[in-house]
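> Give me a model of this one.
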Amino acid sequence: MSSPEAAGQNDPSQYLVSFGPDANCTLALCPVEASLQGYRPAFGVQIAFIALFGVSMLIHLAQGIRYHTWFFASMMAIGCIGEIIGYGGRVMLYQNPFSFNGFIIEICCITISPVFFAAAIYVTLARVSNFLGPEACRFPAKIYVWVFVPCDVVSLILQSVGGALSSSSVGSDKSGEYITIAGLVFQVFTLTVFTAMALDYLFRYISYRKSQQVDQRRILSTRLGIFGVFFSASIIFILIRCCYRIAELGQGYSGSIFHKEGLFIGLESVMVILAVFALNIAQPGFAFQNRTQGAYTTYGNKVEHESSSEQNASNAANSPANAPTWRWICCLSEGSAHIGLVTGSEWSDGGYLIYAEAE
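Down below sits the predicted model:
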């Protein structure tokens, strides 16, 4: 007969590791409850979100090409790619809930990706103010880019470092979780300040519009109204998601929130995919370009004008002397007024377009 000590040495359970780089548990050897998440991710749900993020990414890329909104489209595409990779990690966890690589891919990519969506949102507000009227801004429009994008980078760095530490720390070392929480809290703070500044601009613009004679192209149309609704909704969705992740990581990987897949799907997956598709609708190029009367795209201090095909055909039929010339009535540059003629497809003089009309 074998001794108890020998039996213990031959027992595989004595050598099973459920989490970490050396994890060797499988579903055949360990119950799924022994995994870090405590559940096996639903395979169909992960595939569905991979498909949805893929569709949204393709739409964003097509819109970026269509409207030349390169920064917005690239940020959205990078974020969608990160989400797709992250849900790929959850597919790995479906195959093996004890997969350390799958967990790290999920926790890093799904946590970090919304930072890129936030960057697209921050830059868009600068373009909104340039289009509707920078004179209603309490601060120069470029402040939105100079302040909020670097803040977004800080949030990205914190969450990236936190994810990296999570991949190298095992057991009671929670430094990675704390750094990730700091990045998420900073992201929520930045989004909250951004929202307050956006609301401040909106109220100031409404007040300015009532007291000033505003060109018709700058009055809030139905298209701009739709943009505003979905743009605001995307911010709310991302804020809800960030608050959920803070609560989740605040309890740690052993907390009850972390072990509930339903909460993850409802407050992480659904919120982010709604934000991404909301930004498909609130695409700045679609909202601020009118291709039946000439397309306007604002990039910080640069204003581009594109004529529609009908206008080009009409202009070609007319003599050069009769072709319409676009004239900038007033542009502000460092507090002074400038009047100039647009002779090409692009104009830039370090100022902001107030309005334009055809002579």
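
> Give me the distance between D152 and Y15.
With the distance defined as C-beta to C-beta, to the nearest Å, D152 ends up 45 Å from Y15. The C-beta positions use only the backbone N, C-alpha and C, and glycine is treated the same way.

> A182 now?
Separation of A182 from Y15 (C-beta to C-beta): 37 Å.

> Please apply the same query to Y144.
Distance of Y144 to Y15, computed by C-beta to C-beta: 56 Å.

> follow-up on the earlier one: quick one, which of A182 and Y15 is more surrounded?
Set A182 next to Y15 and count neighbours by other C-beta atoms under 10 Å: A182 wins out with 17 against 9.

> May I ask which helix or strand encompasses that one?
Here A182, judged by DSSP states H and E, is contained in helix 175-211.

> Who are the packing partners of that helix?
The helices and strands touching helix 175-211, judged by 3 or more C-beta pairs under 8 Å, 6 or more residues apart in numbering; DSSP states H and E, are helix 114-132, helix 149-168, helix 222-251.

> Let me know the angle separating it from helix 222-251.
For helix 175-211 against helix 222-251, the angle by axes from the mean of the first three to the mean of the last three C-alpha atoms, to 10 degrees is 160 degrees.

> give the contact list for L249.
The neighbours of L249, taking C-beta atoms under 8 Å, 6 or more residues apart in numbering as the test, are E177, T180, I181, L184, F258.

> now with 7 Å?
E177, T180, I181 (C-beta atoms under 7 Å, 6 or more residues apart in numbering).

> G82 now?
By C-beta under 7 Å, 6+ apart, G82 lies in contact with C109, I112, S113, F116.

> what's around the third one, how many residues?
Looking back up the chat, that one is S113. For S113, the count of nearby residues is 23 (other C-beta under 10 Å).

> Based on its surroundings, how many neighbours for T26?
When neighbours are counted by other C-beta under 10 Å, T26 registers 13.

> In space, what's closest to it - neighbours in sequence excluded?
N96 (6.1 Å; C-beta to C-beta, 6 or more residues apart in numbering).

> likewise Y39?
Leaving aside its sequence neighbours, Y39 sits nearest to E261 (C-beta to C-beta, 6+ apart; 5.2 Å).

> give me the number of residues near that neighbour?
Neighbour tally, E261, other C-beta under 10 Å: 17.

> Helices of the stretch 201-350 of the chain, start to end?
Listed in chain order, the helices of the stretch 201-350 of the chain (DSSP state H, counting those that start in this stretch) span 222-251, 261-264, 270-281, 284-288, 309-317.
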